[in-house]
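**Q** how would this look folded up:
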Amino acid sequence: MNTVLVLNQDYTPLTVCSVQRAFMLMFLKKADLITEIKEKRLRSISQSFPFPSIIIVKYYINIPYKGVVMSRHNIFKRDGGKCQYCGARKELTIDHVVPRSKGGKSIWTNLVTACKQCNSRKSDFTLEKIGMQLTKAPIKPNYLTFLKMYNGAYRDDWAPYLNPKRVSA
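**A** The predicted structure is shown next:
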């Protein structure tokens, strides 16, 4: 796993970046190392550097919107790349749980990943009318949840920063 958690000055998560980007931020004195991976090192011809796992930027970065952008790609990520009706992983599309013709909107809680077969079977009907069920209700993921669960690059040493309620005083 060659990703690094980047924290804002107040220790809130900003993003996840590559090890190379994290090293450059530290080298340019824009960030400090919080946690390193002891088993690994970054090496040049004549020097050895810590392999970062968590860094913190030196100056607070104000980010007005810290949400997850609703996109086809992010809906597939949220749903684990499988049909929310039958669990298939091939020929995936996006389905409106409440069809647009019945007033359904294109929002996180009304869009799910569906295979072509289930999407065709459901067609323009509601779930109750056609007798289909979702494997889980669609949710709007928050930024931290998305970083943790859908990034695929989560490390255990990131937990205190991504689960602030688990940190004991």
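**Q** so in the chain, which helix runs the longest?
**A** If you go by DSSP state H, the chain has its longest helix at helix 19-27.
**Q** so which elements touch that one?
**A** Packing partners of helix 19-27 (3 or more Cβ pairs under 8 Å, 6 or more residues apart in numbering; DSSP states H and E): strand 3-7, strand 31-43, strand 48-57. All C-beta atoms are positioned from the backbone trio N, CA, C, and that covers glycine.
**Q** if you set the cut-off to 10 Å instead, what comes out?
**A** Applying 3 or more Cβ pairs under 10 Å, 6 or more residues apart in numbering; DSSP states H and E, we find helix 19-27 packed against strand 3-7, strand 13-18, strand 31-43, strand 48-57.
**Q** got the CA positions of that helix in PDB?
**A** Only the C-alpha atoms of helix 19-27 are listed here, as PDB (Å, rounded to 0.1, in the frame of the first residue of the first chain):
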ATOM      1  CA  VAL A  19       4.100   8.300  -1.000                       C
ATOM      2  CA  GLN A  20       6.000  10.400  -3.600                       C
ATOM      3  CA  ARG A  21       3.600  13.400  -3.100                       C
ATOM      4  CA  ALA A  22       3.900  13.100   0.700                       C
ATOM      5  CA  PHE A  23       7.700  13.000   0.500                       C
ATOM      6  CA  MET A  24       7.700  16.100  -1.700                       C
ATOM      7  CA  LEU A  25       5.500  17.900   0.800                       C
ATOM      8  CA  MET A  26       7.800  17.000   3.600                       C
ATOM      9  CA  PHE A  27      11.000  17.800   1.600                       C
END
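**Q** any buried residues in it, and which?
**A** Of all the residues in helix 19-27, those buried under the rule 16 or more other Cβ atoms under 10 Å are 19, 21-23, 25-26.
**Q** so for that helix, mean pLDDT?
**A** Per-residue pLDDT values across helix 19-27 average out to 95.
**Q** what's in contact with it?
**A** Residues outside helix 19-27 that contact it (Cβ atoms under 10 Å, 6 or more residues apart in numbering): 1-6, 15-18, 30-33, 37, 40, 42, 49-58.
**Q** helix, strand or coil for the spatially most central residue of the chain?
**A** By Cα atoms, centre = their mean, the chain has its centre lying nearest to Phe146, at 2.9 Å. Here Phe146 takes the helix state, with states given by DSSP: H, G, I helix; E, B strand; the rest coil.
**Q** I appreciate the help and will end here.
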